[in-house]
Structure formats: C-alpha cells, structure tokens
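**Q** what's the 3D shape of this:
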Amino acid sequence: MFDSELKIVSRIGKLHTASAPIYRLLSDFSFLNQVQIPDKRVKISQSDHDTCTLNIQAGGEFTLRIVERIPTSLVKIAADESSPFNFTLWIQLKELEPYDTRIRITLNAKLNPLMKLVAQKHLENFVETLISKLEQHFGPNTPYYNTNYEA
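**A** Here you go, the predicted structure:
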C-alpha cells in the first residue's frame, strides 16, 4: 500500500567472450541445476527453461520467471506472486567486439519503507556480486574465452 520504488543499477562489467554464449547461459534457468549456491540458506527447489523456484531458509519459497528475452542483449526476470516483494531484474548485454561484452544489471523493487531500509544494502551487494561472479566465469583465463563456446 505504501510501497516505495527501489532501483539498483550495477557497475558495467566486462566479460571476455561473445554475447551469444553469455545470453544462452543467462536466458535458460535449467542451467541453474548445475550451480552450487554459496549461501547454504538458499536452495534451488526446481528449475526449467523459464522458471526457477528458490527455497530460502526462514524466508519461504518463491519462483522467478523469465518474462522477456531479446537474443544476445536482454534477459528480464520477475518474481511471481509468491515472492515477499515485487521486483524485476534486467540483465543487459552489449557486445562491443569479439571477446568484449559489457554487462549491466538493474534491479527494480517495490518495498515498504522498513523493508527498503533493511534490504537495500543486501540487494546492492547481490547485484554487484552477480557482476563479479559473471566476470570471473567469463574471464580471459577461463575455457569460455572463446567465441565458439556453447553454454
């Protein structure tokens, strides 16, 4: 009722591969079955091409859904109605040249003022950590440093 908007925009990250394999990985939640989440309080209950259900210890279960895809440039993710708050996550890719794709993540959320105060730093950290992890995954010293890589 008294929700306020929270917008978090990441720094622009540099990924050392073409945008196509990055897009293939980010636009398909079924790849999450292979991911080990470092936070033991978060578990992936189920994932397929379009949806991913997360179970958060002491936070309940909710589903993320990919709601928009623009090949090699955008993946838009939204929380479903079971989420504790309404949010969207935009992942934007821009290939400048081979082996040089830039990435930016924007999180838009509607939170009540108290939740915004409590969650803002954690959400900012989440967005920046995603950028850092993707930079590590698609870095110059990884097997993905190859425009022919098939995610």
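**Q** can you name the residues bridging to Gln46?
**A** Beta bridges link Gln46 to Thr53 when assigned by DSSP bridges.
**Q** got it, and Gly13?
**A** Here Gly13, judged by DSSP bridges, has bridge partners Ile103.
**Q** that one: how many residues sit nearby?
**A** Gly13 has 18 neighbours, counted by other Cβ atoms under 10 Å. All C-beta spots, glycine's among them, are computed from the backbone N, C-alpha and C.
**Q** isn't it right next to Ile131, touching?
**A** Yes. Gly13 sits in contact with Ile131 when judged by Cβ atoms under 8 Å, with a separation of 4.1 Å.
**Q** find residues that contact each of these two.
**A** Taking Cβ atoms under 8 Å, 6 or more residues apart in numbering as the contact criterion, the common neighbours of Gly13 and Ile131 are Ile103.
**Q** how about Gly59, what does it touch?
**A** Applying Cβ under 8 Å, 6+ apart to Gly59 gives the contacts Arg41, Pro84.
**Q** next one: phi and psi at it?
**A** Dihedral angles of Gly59 (phi, psi; degrees, to the nearest 10) stand at phi -130, psi -10.
**Q** 7 is where my numbering starts, stick with that
**A** Done: numbering now begins at 7, and the last item shifts to Gly65.
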